[in-house]
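[1] okay, here's the prediction I keep looking at, along with the sequence it came from:
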Protein chains: 2
Amino acid sequence: MEVSERLQKVMTEMRYVPHAAARHLASRKTRVVGLLLNNLHNDFFVPLLNGVEAVVRQKGYNLIIATYHANIRNETQPPIGPHNTDGMLVFSDGLMDNDLIALNSLGFPMVLVHRTPPADAPIPSVTVENIEITKQLIEHLIRVHGRSRILFLRGPIHQEDSARRELGYRRALEENGIPYDEGLVLNGEFERNVSYAELNRFIENGGKGKFDAVFTGDDDAAIGVLRSLQAHGIRVPEEVAVVGFDDLGFAPFLNPPLTTVRAPTEAVGRIATEKLFSLLENDFSDGVVILPTEIVYRRSCGCAQATYS
Amino acid sequence: MEVSERLQKVMTEMRYVPHAAARHLASRKTRVVGLLLNNLHNDFFVPLLNGVEAVVRQKGYNLIIATYHANIRNETQPPIGPHNTDGMLVFSDGLMDNDLIALNSLGFPMVLVHRTPPADAPIPSVTVENIEITKQLIEHLIRVHGRSRILFLRGPIHQEDSARRELGYRRALEENGIPYDEGLVLNGEFERNVSYAELNRFIENGGKGKFDAVFTGDDDAAIGVLRSLQAHGIRVPEEVAVVGFDDLGFAPFLNPPLTTVRAPTEAVGRIATEKLFSLLENDFSDGVVILPTEIVYRRSCGCAQATYS
DNA sequence: TGAAATAATGTAACCGGTTACTGTAACCGG
DNA sequence: CCGGTTACAGTAACCGGTTACATTATTTCA
């Protein structure tokens, strides 16, 4: 029997597990990758985490998850970096473009998730198509369902998905001759509770009757929107059409079933992590991947039949 | 200016971040805690993670998340342990009772989540009340809605919540004179996709008409159950009443709104993590915490009115 | 002002592995 | 049976901090 085999056997028998810190220190490798998120207040992260974790585990690495966002960046150091990981996935607005450039110039492997790299730093990135599909989604509300006063609940201010969806929203309005109305844009933060509160506020301050559709920004916010509309006795989709984004698992079973955009979120997590490992192992990975999205038409926009009569 | 202040200043100026591995090695502390999960295929983990992560961040620690379950425990070492963390939260059937006892006797701080400690190891634990509330939930179906052929989709075989909910289910049947029928228990794994497939299989193998209610085990599985029932043209709650467990954020907005048990999952995560830190900092924490649960009655069991007529 | 208390600096060992290098034993083909 | 290759063993330096202790500078106050 080879020595290495015998060694393995004895190590297992004696339940010897090498001390991670000592290995890390000596080998200058942690075998840990990090995932930096703005927050965890969204069911969106479940498929993302699944994609990430599956690849990380398969590679025998560990995964550190941390939240870090723009509001705390001046108080705290980023919890993840070259000092405790071999590389990281960035889905956070806490690291600004110049932070990314600095880390990148240090040779620290990174992959951006749902975020475009800074102009002069070739950091790989994985995201989904937002602008064109959002434009189509809004145009569907306008052309098929005759809606024109479309409320938009945007997401976090620095979040790129939010900005792009807003762009698609504005383009659709523009190309269909509907003036953009600042007053119809609320801050939903892509969170069901925030969206619920914001829409309540809007409706209770005389907003009722001022809108005939809502683009909730994402599916999680759609939950808050539906709850608020229901609480105010506004019928969906008859009085107000509602559309979301992401097609989370619950979307087909909301009341009414949610028309939304199917985003391959687990694939985003998986591909981003594979890119990160390609960077770790081959020191190379190519640029920006934009995964395709598609609209799923259900009841909440006015399409299809109500399932329960 | 004090020396330590000046030091801090220079450290910030020069962007010096101490190398984690070196600190860990020298100080024998990692300032990392681990969270061991069976899997991540469930929206249930979002509130749990939120509770855990909030406390971990507030304490300035890092969080490693890993999946580990009974099916892979013979192939791989647990990814989290004394070698790379200061303590861990265990929500996993991958570590057996004797593993826990071994780790505990090493003095490794652990807190069990949704799991009762082994008889002879005083490991703190945080979970929610399952048995009595499930019994009440099933009795509600029996007594208020007159159901008697109640399908149960149990969760993972070693998962304690699943076992306890099954116990509550059986007690309710027993105390109401309904014989337990093995044929009405399916393996839903607490996963929407598995539950969907299992219920489809059941219905298509002649199960249609053999049940008038479903206890889905948890809310995530409820999504699969509702989808399957809808696909087979079975009306909820008229033909089949459906109840879940957890009261995840989407539950009030399923179609129809889901009657379920409200479980304080974020609090479980928060309290469990606080217990872990109490163990880390004071080397002490007391026993088993069982958080109370309550039934939330909505449309899917037959209570309340349909929101959309 | 001088002795004691306190703060700062200097030094070396150590954490538990990895890495590189040197030396010895086993193996292989001609 | 020998030279050359390969497998294994032994040794020491090193990774980048922490810790403990000894030394020197500064402050405090009788």
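    The structure has been received and is ready for your questions.
[2] which ones are touching the nearest residue to residue A:87 once chain neighbours are set aside?
    In this structure, residue A:87 finds its nearest non-sequential neighbour in residue A:109, 3.4 Å apart by Cβ to Cβ, 6 or more residues apart in numbering or on different chains. From N, CA and C alone the C-beta is placed, and that goes for glycine too. Residue A:109 makes contacts with A:86-88, A:276, A:279-280, as judged by Cβ atoms under 8 Å, 6 or more residues apart in numbering or on different chains.
[3] go with 7 Å
    A:86-87, A:276, A:279-280 (Cβ atoms under 7 Å, 6 or more residues apart in numbering or on different chains).
[4] what do you get for residue A:124?
    By Cβ under 7 Å, 6+ apart, the neighbours of residue A:124 are A:111, A:275, A:285-287.
[5] from those, pick the one nearest DNA strand D.
    Nearest to DNA strand D among the contacts of residue A:124 is residue A:111, at 24.3 Å by Cβ to the nearest atom of the strand.
[6] in which helix or strand would I find the closest one?
    strand A:110-113 (DSSP states H and E).
[7] could you name the helices and strands sitting against whichever helix or strand comes after that strand?
    Beyond strand A:110-113 on the C-terminal side, the first helix or strand identified by DSSP H and E is strand A:125-128. In this structure, strand A:125-128 packs against strand A:110-113, helix A:265-282, strand A:288-291, with contacts taken as 3 or more Cβ pairs under 7 Å, 6 or more residues apart in numbering or on different chains; DSSP states H and E.
[8] now the first one: mean pLDDT?
    What it means is strand A:110-113. The average pLDDT within strand A:110-113 is 98.
[9] repeat for stretch A:57-65
    Stretch A:57-65 carries an average pLDDT of 97.
[10] quick one: end-to-end distance for that stretch.
    Taking Cα to Cα, to the nearest Å as the measure, stretch A:57-65 stretches 14 Å from start to finish.
[11] and DNA strand C, is that stretch touching that?
    No: between stretch A:57-65 and DNA strand C, judged by Cβ under 7 Å from any atom of the strand, nothing touches; the nearest distance is 13.2 Å.
[12] residue A:300: neighbouring residues, count only.
    By the criterion of other Cβ atoms under 10 Å in any protein chain shown, residue A:300 has 28 neighbours.
[13] which ones are touching it?
    So residue A:300 contacts A:236-237, A:241-243, A:256-259 (Cβ under 7 Å, 6+ apart).
[14] interface residues of chain A facing DNA strand C?
    A:18-19, A:22-23, A:25-27.
[15] are any of those residues buried, and which?
    Buried by 16 or more other Cβ atoms under 10 Å in any protein chain shown: A:23, A:25, out of the residues of chain A next to DNA strand C.
[16] low pLDDT regions in the stretch 201-309 of chain A?
    Along the stretch 201-309 of chain A, the parts satisfying pLDDT under 70 run over A:305-309.
[17] please report how far residue A:286 lies from residue A:71.
    Distance, residue A:286 to residue A:71, by Cβ to Cβ, to the nearest Å: 33 Å.
[18] how about the strands in the stretch 51-200 of chain A?
    A:62-67, A:87-91, A:110-113, A:125-128, A:150-154, A:185-187 (DSSP state E, counting those that start in this stretch).
[19] and of these, who's closest to residue B:118?
    For the strands of the stretch 51-200 of chain A, the distance to residue B:118 is smallest for strand A:62-67, at 26.2 Å, taking Cβ to Cβ.
[20] paired strands for the closest one, with orientation please.
    Using DSSP bridges, the strands paired with strand A:62-67 are strand A:32-37 (parallel), strand B:62-67 (antiparallel).
[21] need the winner for burial among these.
    Of all the strands paired with strand A:62-67, strand A:32-37 carries the top mean neighbour count, a mean of 25, counting by mean count of other Cβ atoms under 10 Å in any protein chain shown.
[22] sorry, back to before: possible to save the contacts of residue A:300 as TSV with neighbour count and secondary structure?
    Below are these laid out as TSV (neighbours: other Cβ atoms under 10 Å in any protein chain shown; DSSP: H, G, I helix; E, B strand; the rest coil):
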residue	neighbour count	secondary structure
A:236	24	coil
A:237	24	coil
A:241	25	strand
A:242	27	strand
A:243	32	strand
A:256	26	coil
A:257	23	coil
A:258	31	coil
A:259	27	strand
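[23] with adjacent residues omitted, what lies nearest to the closest residue to chain B within the stretch 151-300 of chain A?
    Residue of the stretch 151-300 of chain A nearest chain B, by Cβ to the nearest Cβ: residue A:250 (3.9 Å). Nearest residue to residue A:250 in three dimensions, chain neighbours excluded: residue B:250, at 3.9 Å (Cβ to Cβ, 6+ apart).
[24] for residue A:125, same thing?
    Nearest residue to residue A:125 in three dimensions, chain neighbours excluded: residue A:112, at 3.9 Å (Cβ to Cβ, 6+ apart).
[25] cool, and residue A:10?
    In space, residue A:10 comes closest to residue A:16 once its chain neighbours are excluded; the distance is 7.7 Å by Cβ to Cβ, 6+ apart.
[26] just residue A:106 next, same as before
    Sequence neighbours aside, residue A:82 is the residue nearest to residue A:106 in space, at 6.2 Å (criterion: Cβ to Cβ, 6+ apart).
[27] my guess is the one you found contacts residue A:108, does it?
    Yes: with contact defined as Cβ atoms under 7 Å, residue A:82 and residue A:108 form a contacting pair (4.7 Å).
[28] which of the strands of the stretch 51-200 of chain A sits closest to residue A:137?
    Closest to residue A:137 of the strands of the stretch 51-200 of chain A is strand A:150-154 (Cβ to Cβ; 10.1 Å).
[29] who does the closest one touch, helix- and strand-wise?
    The contact analysis (3+ Cβ pairs under 7 Å, 6+ apart) places strand A:150-154 against helix A:160-175, strand A:185-187, strand A:213-215.
[30] buried residues, the helix or strand harbouring residue A:229. List them.
    Residue A:229 is part of helix A:219-231, with elements assigned from DSSP H and E. Going by neighbour count (16+ other Cβ under 10 Å), the buried part of helix A:219-231 is A:219-230.
[31] using CSV, list the CA coordinates for stretch A:41-48.
    C-alpha atoms of stretch A:41-48 as CSV (Å, rounded to 0.1, in the frame of the first residue of the first chain):
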residue,chain,number,x,y,z
HIS,A,41,-34.3,40.1,3.0
ASN,A,42,-35.4,38.5,-0.2
ASP,A,43,-36.4,35.0,-1.3
PHE,A,44,-34.4,35.8,-4.4
PHE,A,45,-31.3,34.7,-2.5
VAL,A,46,-32.4,31.1,-2.1
PRO,A,47,-31.9,30.1,-5.7
LEU,A,48,-28.8,32.2,-5.9
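[32] and it, what's its mean pLDDT?
    The average pLDDT for stretch A:41-48 rounds to 95.
[33] just the pLDDT for the spatially closest residue to residue A:93 that is not a sequence neighbour.
    Residue nearest to residue A:93 in three dimensions, not counting chain neighbours: residue A:158, with 3.5 Å by Cβ to Cβ, 6+ apart. Looking at residue A:158, its pLDDT is 90.
[34] and residue A:158, how far from residue A:167?
    Distance of residue A:158 to residue A:167, computed by Cβ to Cβ: 15 Å.
[35] around chain B, which positions in the stretch 1-150 of chain A sit nearby?
    A:17-22, A:24-25, A:30, A:40-41, A:43, A:45-46, A:49-50, A:53, A:57, A:62-67, A:77, A:79, A:81, A:83-84 (Cβ under 7 Å from any Cβ of the partner chain).
[36] cutoff 8 Å now
    For the stretch 1-150 of chain A, the contact set with chain B under Cβ under 8 Å from any Cβ of the partner chain comprises A:17-22, A:24-25, A:30, A:32, A:40-43, A:45-46, A:49-50, A:53, A:57, A:62-67, A:77, A:79-84.
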